[in-house]
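J.: need a structure here:
(2 chains)
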Amino acid sequence: MRRAVPLLLAGAVGLLTGCGSVTVPADVDGTLDRATDGTLVVGVSEHPPWVDIDEKTGEVTGIEADLIASFAESINAEVQWQPGPESVLAGQVEEGAVDIVVGGLTTSSPWSSHLALTRPYATVTSAGGREEQMVMGVRMGENELLVELEKHLAREQGEVS
Amino acid sequence: MSWHNDADAGPVGGPLPSGPQEALHRAVRLEWITIGFLVVSVIAVGLVAGQSQAMQAAWAEDGLSLLPPIAFLIATRIIRRPPSLRHPYGHHRSIGVAHLVAGTALLLMGGILFISSVLGLIQLEKPPVGTTVLFGQQFWAGWLMIGVMIPTAVVPVILGRRKLRLAEELHDKVLRADADMNKADWTTAVATIVGVLGIGVGWWWMDAAAAILVSASIVYDGITNVKAAVEDLTDTRATRFDDSEEHPLIDEAEDLARAVPWVRQAAARVRDQGHVFHVEMFVIPEPGQDPGLEQLMALRHQLLDIHWKLHDVAVIPVASLPGYLLADEPRLR
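T.: Numbers count the residues shown, from 1 in each chain, chains lettered A, B, ... in the order given. Here you go, the predicted structure:
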């Protein structure tokens, strides 16, 4: 059993050198590559002021909608908004029908086993006086997309230059 | 020394003579260093572990690695207690108890980790690993995980090698179990690094596979140690510190007794009490040469002088011996 470890290591090294210029981390399903110069599917659930969905026009606005729009712009992608309740969106993101979920999610969100939550991009004090850390949800395993989104959020919030 | 017994029965002298006592002091110091290192490592790995299963398994293993040193430190304090009416054999068995506790903890936690990693693999859980901001720099958290795992691969191996030497000198199986785990720690660290690299290149299953490997190695350590501890606690014939073979002191003691002129045949029951052995030497006297008290006590002292490990020796004259005690004696087969 312990002999399997060097073997596994050799495999990993071979993998890394063999593939040449692999981006680390890579997406399991290549979502970022697909969305770049293409379409980013974003699940949105109504949650002002983070996400506002106009009932008549279907237009999506709000703090998080703006953040997503600027992220999509940075990878030259069109955003396809997909409205729905959080529970439905959590299922869709697991199936891969949705790439990112936004709607005022926090670190205490019950969906963390269905979604890869980003590192918190902002801290707000809720009505109850509790500190809430704002996050977005990305499809599990799509770590390149997760990293790029986190970097974008940190830049937008002025956390890093 | 906290107690001294020079009567003709019970453990002789104090808890340990000065030679092994000195080795014990060095072992105690090494175990404190180990605990210090593990606490730092548990905190560091815990901070960066995130959702990598391999990292979580490595974290649990580090936490569990605290048990053998703690059990060792407690046991080394307990053996100092003097034997009493209630504890007529003394307290060296606490080493065996510590060994069993450490082994059981390993087995249970390893089993839980193993099951959860297998479930993770079956349920296609793809571990998300995002970014970390450190000193104003944002980078993939996987690099940080790998950075933390490298020292945890190197330091325990060095500690483990030093402990193994002391474990042999002291005949201390807890120390040996601990040293073995430390020496195996580098494989855990390497497996974890491979798992994280796997996440990095999009091979999500590699993380779960690495976690399975790590937990299987914990289970293996657990089984080995529980088995050895139970054998010692149930008075299996004493073995060497690494359970590789029967302890050579058994033969040495029997040979010495058999060489005594008034002894026709001798056989010993030797049980491992921790650092030291409890020896019952049954002797059949030559016909018409029943030994006096002085002869019996002289033989007892000769046996005690062979090695400090023969700590509690009783010489018992008998008229016959059961066959199983002489099973290793070719002349009488």
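J.: could I get the full set of helices for chain A?
T.: For chain A, the helices defined by DSSP state H cover A:4-18, A:31-35, A:63-74, A:86-95, A:143-156.
J.: give me the domain ranges for chain B.
T.: Following the assignment in automatic domain parsing, chain B carries domains at B:18-233, B:248-332.
J.: and the helices of chain A as TSV, adding mean pLDDT, distance to chain B and mean neighbour count?
T.: Just so you know, the C-beta spots here come from the backbone N, C-alpha and C atoms, and that holds for glycine as well. TSV is the format used below for the helices of chain A (pLDDT from 0 to 100; distance: least, Cβ to the nearest Cβ, whole Å; neighbours: other Cβ atoms under 10 Å in any protein chain shown):
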stretch	mean pLDDT	distance to chain B	mean neighbour count
helix A:4-18	57	5	14
helix A:31-35	90	11	21
helix A:63-74	92	14	19
helix A:86-95	90	10	18
helix A:143-156	90	4	23
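J.: make TSV out of those helices and add distance to B:Trp308.
T.: Shown next, in TSV, are the helices of chain A (distance: least, Cβ to Cβ, whole Å):
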stretch	distance to B:Trp308
helix A:4-18	40
helix A:31-35	68
helix A:63-74	72
helix A:86-95	65
helix A:143-156	59
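J.: what's the residue closest to the geometric middle of the chain?
T.: Using chain A. A:Val138 (3.0 Å; Cα atoms, centre = their mean).
J.: isn't that one right next to B:Pro128, touching?
T.: Yes - under the criterion of Cβ atoms under 8 Å, A:Val138 makes contact with B:Pro128 at 7.0 Å.
J.: got any residues that touch both of those two?
T.: Residues within reach of A:Val138 and of B:Pro128 at once, by Cβ atoms under 8 Å, 6 or more residues apart in numbering or on different chains, are A:116-117, A:146.
J.: coming back round to it: out of the domains of chain B, the one nearest chain A is which?
T.: Counting by Cβ to the nearest Cβ, chain A lies closest to domain B:18-233 out of these; the figure is 2.8 Å.
J.: tell me where the stretch 51-200 of chain B has helices.
T.: B:53-64, B:67-78, B:94-122, B:141-170, B:173-200 (DSSP state H, counting those that start in this stretch).
J.: nearest to B:Arg29, out of the helices of chain A?
T.: helix A:4-18 (30.6 Å; Cβ to Cβ).
J.: can you list the residues that contact stretch B:143-160?
T.: With contacts defined as Cβ under 8 Å, 6+ apart, stretch B:143-160 is touched by B:30, B:33-34, B:37, B:41, B:44-45, B:48-50, B:52, B:55, B:58, B:62, B:65, B:129, B:132, B:134, B:178-183, B:185-186, B:188-190, B:192-193, B:196-197.
J.: can you select the buried ones from those residues in ChimeraX?
T.: To isolate in ChimeraX the members of these that are buried, counting by 16 or more other Cβ atoms under 10 Å in any protein chain shown, one can use:
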select /B:30,34,37,41,44,45,48,49,50,52,55,58,62,65,129,132,178,179,180,181,182,183,185,186,188,189,190,192,193,196,197
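J.: could you list which of the contacts of stretch B:143-160 also contact chain A?
T.: B:129, B:132, B:190, B:193, B:197 (Cβ under 8 Å from any Cβ of the partner chain).
J.: and those, which two are the farthest apart?
T.: Pairwise over those, using Cβ to Cβ, the maximum falls at B:Thr132 and B:Val190, 22.0 Å.
J.: how far away from the center of its chain is stretch A:138-156?
T.: 5 Å (Cα atoms, centre = their mean, to the nearest Å).
J.: how about the residues of the stretch 101-250 of chain B by chain A?
T.: By Cβ under 8 Å from any Cβ, the residues of the stretch 101-250 of chain B that approach chain A are B:125-133, B:136-138, B:140, B:142, B:184, B:187, B:190-191, B:193-194, B:197-204, B:206, B:209-210, B:213, B:216-217, B:220.
J.: with adjacent residues omitted, what lies nearest to B:His278?
T.: B:Asp312 (4.6 Å; Cβ to Cβ, 6 or more residues apart in numbering or on different chains).
J.: for the one you found, give me its contacts.
T.: B:10-12, B:89-90, B:273, B:276-279.
J.: just the mean pLDDT for the host helix or strand of it, thanks.
T.: Assigned by DSSP states H and E, B:Asp312 belongs to strand B:310-317. Here strand B:310-317 scores 93 as its mean pLDDT.
J.: neighbouring strands - and their directions - for that strand?
T.: Paired neighbours of strand B:310-317 in the sheet (DSSP bridges): strand B:277-285 (parallel).
J.: the closest residue in space to A:Ile75 that isn't next to it in sequence: neighbouring residues, count only.
T.: The shortest distance from A:Ile75 to any non-neighbouring residue, by Cβ to Cβ, 6+ apart, is to A:Thr36 (4.7 Å). Using other Cβ atoms under 10 Å in any protein chain shown, A:Thr36 has 16 neighbouring residues.
J.: how close does A:Thr36 get to B:Ile43?
T.: 39 Å (Cβ to Cβ, to the nearest Å).
J.: out of the domains of chain B, which one sits most buried?
T.: Across these, averaging neighbours per residue (mean count of other Cβ atoms under 10 Å in any protein chain shown) puts domain B:18-233 on top, at a mean of 21.
J.: roughly how far apart are B:Trp204 and B:Leu121?
T.: Distance from B:Trp204 to B:Leu121, by Cβ to Cβ: 10 Å.
J.: and A:Gln82, which of the helices of the stretch 51-200 of chain B is closest to it?
T.: helix B:173-200 (27.1 Å).
J.: got the angle for that closest one vs helix B:67-78?
T.: Put simply, helix B:173-200 runs at 160 degrees to helix B:67-78, going by axes from the mean of the first three to the mean of the last three Cα atoms, to 10 degrees.
J.: what is helix B:173-200 packed up against?
T.: If you count contacts as 3 or more Cβ pairs under 8 Å, 6 or more residues apart in numbering or on different chains; DSSP states H and E, helix B:173-200 packs onto helix A:4-18, helix B:18-48, helix B:53-64, helix B:67-78, helix B:94-122, helix B:141-170, helix B:205-233.
J.: rerun that using 7 Å as the cut-off
T.: Applying 3 or more Cβ pairs under 7 Å, 6 or more residues apart in numbering or on different chains; DSSP states H and E, one finds that helix B:173-200 contacts helix A:4-18, helix B:53-64, helix B:67-78, helix B:94-122, helix B:141-170, helix B:205-233.
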